[in-house]
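Q: whatever this is, show me its structure:
(chains A and B)
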Amino acid sequence: MPSTPSASSHDTPPENQRPGRNFIQQLIDADLAAGRYGGRVHTRFPPEPNGYLHIGHAKSICLNAGLAREYGGRFNLRFDDTNPAKEEQEYVDSIQEDIRWLGADWEDRLFFASDYFDQLYEWAVQLIQAGRAYVCDLDAEAMREHRGTLTEPGRACCYRERSVEENLDLFARMKAGEFADGTRTLRAKIDMASPNLNLRDPVMYRIKRAHHHRTGDTWCIYPSYDFTHGQCDSLEGITHSICTLEFENHRPLYDWFCDALGIHHPQQIEFARLNLSYTVMSKRKLLQLVTENHVSGWDDPRLLTLRGLRRRGYTATSIRAFCERIGVAKQYSVIDMAWLEDAIREDLNAHAPRAMGVLRPLKVVLTNLPADAERICQAANHPQQPDMGTREVPLTREIYIEQSDFLEDAPKKFFRLKPGGAVRLRSAGIIECGEMIKNAAGEVTEVHCTFDPDLTRKVKGTIHWVSARHAISAEVRLYDHLFAAENPDQTAEGGTFLDNLNPHSLEVLTTAKLEPSLGQVASGAHYQFERTGYFYVDPVDSQPGQPVFNRTATLRDSWAKAK
RNA sequence: UGGGGAAUAGUGUAACGGUAGCACGAAGGAUUCUGAUUCCUUUAGUCUAGGUUCAAAUCCUAGUUCCCCAGCCA
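A: Next comes the predicted model:
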């Protein structure tokens, strides 16, 4: 996590008067002031290992780890692995990798809900003994019928009043594997008439013969989320159990189990999950995009998985900055995708070395230069940071410029190359437009110019270029939003979110011409190609001497907007 | 329809009975060998209707809109 800049003591207001504190910080401040939890702050991130982490998880990770850091507390990583049917070691590994990359540190506190299966079982027995849990023989459908609806109360089934002895016996036999999957459950005896459906005798254990990635076939019964989460928090000494809004209706249950068991009782706090425009975030949809090959995989740079973002060229710093900026509240909100782009631009603008790359080349011949001429130009690696040094860029008689930097019929405000005009070649000098060569279709295929090396001469426009003889060819991938609609879920009658896929979300350029220094770049390096954006050396498809560049983000372009 | 939550500039988020602020965006300008960056200026808001109060985004009443819940998923 980023370190908080230490404010000088004289201008730091008292703890309880600091402005701009989010509601969770305010809650914690109050807890601390009241001496709750012995002044401790202990948070956790509890993913289920059933998929890859995305930007929404990053919000939760930054929040939890950030709070622990801010209050000098602790942060745990705990896998909520209570449903072996969906969980895999692959996800356990990838999740840890992604969290580490993001920069959150759980130190030596890596836990699994499955670490606590024995304890959980004991607690279940304890609740049976206390007459607060019972074995129910209803199948799923019958249980649904008994549960009632939003407006009608549920009905108790005949198993609700079983004796403690019978429940103990049955539960032991459930564990021993005497019953088929789905034939019995252990339920908490709470209130079948509660207006909160979660309190209508929720399932604590179900019979499920599935191989668990950690406990193997030791168990054939598995605890439910509700019977697991609070107790795990409790066992780990968590003080503030932060989750998303959809668990609000589960909080009474969280509290009920902690109270019934008489164990350390952490406080559940809910916040609004992250929503972003032009994308989808649910695991189901992400999975569908991957399995149906709408994207190349979990790390497709158009996906907002942490792996996708990383491969796109997003830095962990930028994602943390983004999470900081969006804030935390209970209010439903949709963040504009542009905020993410701003965050990465901010980071890369400060740190990425500059280079020149022509995405869509147009040949320009500098007619007053001999064919074998080679001028060495000194180019700054970062105009605002001289420390980053300079590099040499060769200029020759034939160069490439960007097609969009030449216009035959240019508007008055067009500051680039046009007939009768002059423009600066970045770091090299001025060129003046001469003859245009056209093909049969009347398109300009080549422009002849004269070169003036005067570096002090003023002209309005500056364009990037590469020497044709020295240029390296590289594959460059340009990305746009994966979805064309701001809200992909908004579809015509009977449509699906897939109807909103943006057909132009990926454009592969195979004829880009890059300055020679870009021939030998490190996999995973970031560059700003001046005037065209930030690019990342794709770590998967790049070969030594044959880099593949992914465009992380464009530069802001007020000219494009003006047009 | 029952219950649980949430409504503040375009977006996001503060203000917790006493000056509605911040960030991003947008618009304009300055600087500039990136139409980038940087800098300056401007813009624009308390869901509605009542009420309490010297004073209401904040408290009260009624309404409106949005989100979540009827898995042996988490």
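
Q: any stretches of chain A with poor pLDDT?
A: A:1-19 (pLDDT under 70).

Q: thought residue A:276 was touching residue A:341?
A: No: if you go by CB atoms under 8 Å, residue A:276 and residue A:341 don't touch, sitting 11.1 Å apart. Yep, even glycine has a C-beta here, placed from its N, CA and C like the rest.

Q: the more surrounded of these two?
A: Here residue A:276 and residue A:341 are set side by side on neighbour count (other CB atoms under 10 Å), and the busier one is residue A:276, at 21 against 18.

Q: so what pairs up with that one in the strands?
A: Beta-bridge partners recorded for residue A:276 (DSSP bridges): residue A:335.

Q: need the contact list for it.
A: Counting by CB atoms under 8 Å, 6 or more residues apart in numbering, residue A:276 touches A:55, A:304, A:334-337, A:340.

Q: again, 7 Å this time
A: A:55, A:304, A:334-335, A:337 (CB atoms under 7 Å, 6 or more residues apart in numbering).

Q: quick check: it vs residue A:186, distance?
A: Distance, residue A:276 to residue A:186, using CB to CB, to the nearest Å: 40 Å.

Q: now residue A:154, nearest residue through space, not along the chain?
A: Excluding the flanking residues, the one nearest residue A:154 by CB to CB, 6 or more residues apart in numbering is residue A:148, at 3.6 Å.

Q: number of nearby residues for that neighbour?
A: Residues near residue A:148, counting by other CB under 10 Å: 16.

Q: same check on the one 5 residues further on?
A: Counted with other CB under 10 Å, the burial measure for residue A:153 works out to 13 neighbours.

Q: count of residues packed around residue A:72?
A: Neighbours of residue A:72 under the rule other CB under 10 Å: 9.

Q: one more: residue A:109?
A: 15.

Q: same thing with residue A:192?
A: Going by other CB under 10 Å, the residues that sit close to residue A:192 add up to 17.

Q: for it, which non-adjacent residue is spatially closest?
A: Nearest residue to residue A:192, sequence neighbours excluded (CB to CB, 6+ apart): residue A:154, at 4.0 Å.

Q: so which bits of the stretch 1-150 of chain A are right by RNA strand B?
A: For the stretch 1-150 of chain A, the residues in contact with RNA strand B (CB under 7 Å from any atom of the strand) are A:19-23, A:26, A:46, A:48, A:80, A:82-83, A:86, A:138-140, A:143-144, A:147, A:149-150.

Q: now intersect these with the strands, please.
A: Among these, no member falls in strands (criterion: DSSP state E).

Q: now list the buried members of those residues.
A: A:46, A:48, A:80, A:82-83, A:138, A:143, A:147 (16 or more other CB atoms under 10 Å).

Q: pick out the most distant pair among those.
A: Spatial extent of these (CB to CB) is set by the pair A:46 and A:138 at 29.4 Å.

Q: the one helix or strand residue A:534 maps to packs against which elements?
A: In this structure, residue A:534 sits in strand A:533-537 according to DSSP states H and E. Judged by 3 or more CB pairs under 7 Å, 6 or more residues apart in numbering; DSSP states H and E, the packing partners of strand A:533-537 are strand A:526-529, strand A:548-553.

Q: how about residues contacting it?
A: A:312-313, A:344, A:348, A:352, A:521-529, A:547, A:549-555.

Q: so which bits of that strand are buried?
A: Buried residues in strand A:533-537, counted by 16+ other CB under 10 Å: A:533-537.

Q: could you list the paired strands of it along with their orientation?
A: strand A:526-529 (antiparallel), strand A:548-553 (antiparallel).

Q: and RNA strand B, is that strand touching that?
A: No: interface with RNA strand B: strand A:533-537 contributes nothing (CB under 7 Å from any atom of the strand), its closest point being 8.8 Å away.

Q: which ones are touching the residue in chain A that RNA strand B sits nearest to?
A: RNA strand B sits closest to residue A:327 of chain A, with a gap of 2.9 Å, by CB to the nearest atom of the strand. Going by CB under 7 Å, 6+ apart, residue A:327 touches residue A:22.

Q: in the stretch 151-300 of chain A, which spans are helices?
A: All helices of the stretch 151-300 of chain A, identified by DSSP state H, counting those that start in this stretch, fall at A:164-176, A:225-235, A:251-261, A:283-291.

Q: over to the stretch 301-450 of chain A?
A: Going by DSSP H, counting those that start in this stretch, the stretch 301-450 of chain A shows helices at A:306-312, A:316-326, A:337-351.

Q: in the last one, what's buried?
A: By neighbour count, and taking 16+ other CB under 10 Å as the criterion, the buried residues in helix A:337-351 are A:337, A:340-345, A:347-348.

Q: name the nearest residue to residue A:434, sequence neighbours excluded.
A: That would be residue A:448: by CB to CB, 6+ apart, it lies 4.4 Å from residue A:434.

Q: which residues sit against stretch A:181-195?
A: Against stretch A:181-195 from outside (CB under 7 Å, 6+ apart): A:124, A:127, A:132-137, A:139-140, A:153-156, A:160, A:170-171, A:174, A:199-209, A:256.

Q: list buried residues within the residues you listed.
A: Those of these that meet the buried threshold are A:124, A:127, A:133-136, A:154, A:170-171, A:174, A:199-208, A:256, by 16+ other CB under 10 Å.

Q: that older thread, quick one: the residue nearest to residue A:192 and residue A:143 touch, right?
A: No: with contact defined as CB atoms under 7 Å, residue A:154 does not reach residue A:143; the gap is 9.4 Å.

Q: the residues of the stretch 1-150 of chain A next to RNA strand B in helices, which ones?
A: Of those, the ones assigned to helices by DSSP state H are A:23, A:26, A:140, A:143-144, A:147.

Q: just want the angle from the strand holding residue A:534 to helix A:337-351.
A: Interaxial angle of strand A:533-537 relative to helix A:337-351 (axes from the mean of the first three to the mean of the last three CA atoms, to 10 degrees): 80 degrees.

Q: run the chain-centre distance for strand A:533-537.
A: Distance of strand A:533-537 from the chain centroid (CA atoms, centre = their mean, to the nearest Å) equals 18 Å.

Q: could you dump that strand to PDB, C-alpha only?
A: Provided in PDB are the C-alpha atoms of strand A:533-537 (Å, rounded to 0.1, in the frame of the first residue of the first chain):
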ATOM      1  CA  GLY A 533      -0.200   7.000 -25.900                       C
ATOM      2  CA  TYR A 534       1.300   4.800 -23.200                       C
ATOM      3  CA  PHE A 535       2.400   1.400 -24.300                       C
ATOM      4  CA  TYR A 536       3.400  -1.800 -22.500                       C
ATOM      5  CA  VAL A 537       5.700  -4.500 -23.700                       C
END
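
Q: RNA strand B contacts on the stretch 151-300 of chain A?
A: A:151, A:181-185, A:195-198, A:202-203, A:206-208, A:222, A:224-225, A:229, A:245-250, A:272.

Q: so what's residue A:58 up against?
A: Residues near residue A:58 by CB under 7 Å, 6+ apart: A:102, A:306, A:319, A:323.

Q: repeat for residue A:281
A: A:54, A:56, A:275, A:304.

Q: return the members of these classed as buried.
A: A:54, A:56, A:304.

Q: format those as TSV; extra columns: distance to residue A:164.
A: TSV is the format used below for the buried ones among the contacts of residue A:281 (distance: CB to CB, whole Å):
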residue	distance to residue A:164
A:54	46
A:56	44
A:304	51
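
Q: thank you, goodbye.
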